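Student: can't give you the sequence, but here's the structure:
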């Protein structure tokens, strides 16, 4: 297997386009020497990468298969081997809307997380009333950052549930938590809260269509018991809310869940695959 050197590479965007309020996906890199592009889906085998010229890259962006940064980013230092300057860890791009950060109680996009720096790039998504930025660092740190956001959003949901907020407002918070949560435990906690924000007749269809697909060991009676238990605890225990936030209109419930149920990076191999 051939590992990649980084001197000739820069990150110029990422695979896919943002569909929900936060997410992670694979970076698109460009070789400086010959202006060829690829989705960086492997750091251990450069021979497996599919490279595309400027014309193909432009078409991918136009077709919204790739999102391009206005200014390139360097390969994250945390992904580079100290010994030989080769790529040793998988870089990953994370994006987040300002509304999600506010819901998580975060002031802005972080400059550092887990001792890794973040260089953020503003994205133009034809949504003038919303601000969204993206950055790239190691995949492990990206997922930990998203879990940090999910944990903050979880606290907001719990406080608002205790305060008796209406279901639509609670669902909006649960939407954000599902977008951000990556670890299995946090995703389960997000689904419990998402179910608690639904009308009763919507809970079983959501369980059947999404939750059981992601948690194959889950059963309906046990899921209901956990909802009832969590609901009782949150009603009884006062949890301080974090500061108020603004939120933009939400997507259709089913399309939202299709996007956030279990996000994985999207691969683009060649133009014929479109």
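Tutor: Sure, I can see it. Only a predicted model underlies this, so the values are computations on that prediction, with no experimental measurement involved.
Student: you'd agree residue 112 is up against residue 118?
Tutor: Yes. Taking contacts as CB atoms under 8 Å, residue 112 lies within contact range of residue 118: 6.8 Å. In short, each C-beta sits where N, CA and C put it, glycine included.
Student: who's more crowded, the two?
Tutor: Counted by other CB atoms under 10 Å, residue 112 and residue 118 do not tie: residue 118 has more neighbours, with 20 against 9.
Student: quick one: contacts for the closest residue to residue 161 other than its chain neighbours?
Tutor: Among residues not flanking residue 161 along the chain, residue 234 sits closest, at 4.7 Å (CB to CB, 6 or more residues apart in numbering). Counting by CB atoms under 8 Å, 6 or more residues apart in numbering, residue 234 touches 158, 161-162.
Student: got it, and residue 148?
Tutor: Neighbours of residue 148 in contact, by CB under 8 Å, 6+ apart: 104, 113.
Student: where's it, which helix or strand?
Tutor: Per DSSP states H and E: residue 148 is located in helix 139-163.
Student: with residue 213 instead?
Tutor: Per DSSP H and E: helix 212-214 holds residue 213.
Student: helices of the stretch 51-200 of the chain, start to end?
Tutor: Using DSSP state H, counting those that start in this stretch, the helices of the stretch 51-200 of the chain run over 54-62, 98-103, 139-163, 167-180, 184-196, 200-206.
Student: save those helices as CSV, and put in distance to residue 76 and mean pLDDT too.
Tutor: Below are those laid out as CSV (distance: least, CB to CB, whole Å; pLDDT from 0 to 100):
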stretch, distance to residue 76, mean pLDDT
helix 54-62, 21, 98
helix 98-103, 21, 96
helix 139-163, 9, 97
helix 167-180, 20, 97
helix 184-196, 24, 97
helix 200-206, 37, 95
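Student: walk me through the domains of the chain.
Tutor: When the chain is parsed with automatic domain parsing, its domains come out as 9-146+262-273, 149-260.
Student: how far off centre is the helix holding residue 148?
Tutor: Helix 139-163 sits 12 Å away from the centroid of its parent chain (CA atoms, centre = their mean, to the nearest Å).
Student: show me which residues of it are buried.
Tutor: Of all the residues in helix 139-163, those buried under the rule 16 or more other CB atoms under 10 Å are 139, 141-143, 145-162.
Student: picking up where we left off before, can you add distance to residue 185 and give the contacts of residue 234 back as JSON lines?
Tutor: As requested, these are exported to JSON lines (distance: CB to CB, whole Å):
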{"residue": "158", "distance to residue 185": "15"}
{"residue": "161", "distance to residue 185": "19"}
{"residue": "162", "distance to residue 185": "21"}
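Student: identify whichever of the helices of the stretch 51-200 of the chain lies nearest to residue 78.
Tutor: Residue 78 sits nearest to helix 139-163 of all these, at 6.9 Å, using CB to CB.
Student: what residue ranges in the chain score low on pLDDT?
Tutor: Flagging of the chain using pLDDT under 70 yields the residue ranges 1-3, 128, 238-274.
Student: swap in 50 and give it another go.
Tutor: Applying pLDDT under 50 to the chain flags residues 1, 244-251, 260-274.
Student: got the residue ranges for the strands in it?
Tutor: 9-15, 22-25, 27-31, 37-39, 66-73, 91-97, 112-113, 116-117, 121-122, 132-138 (DSSP state E).
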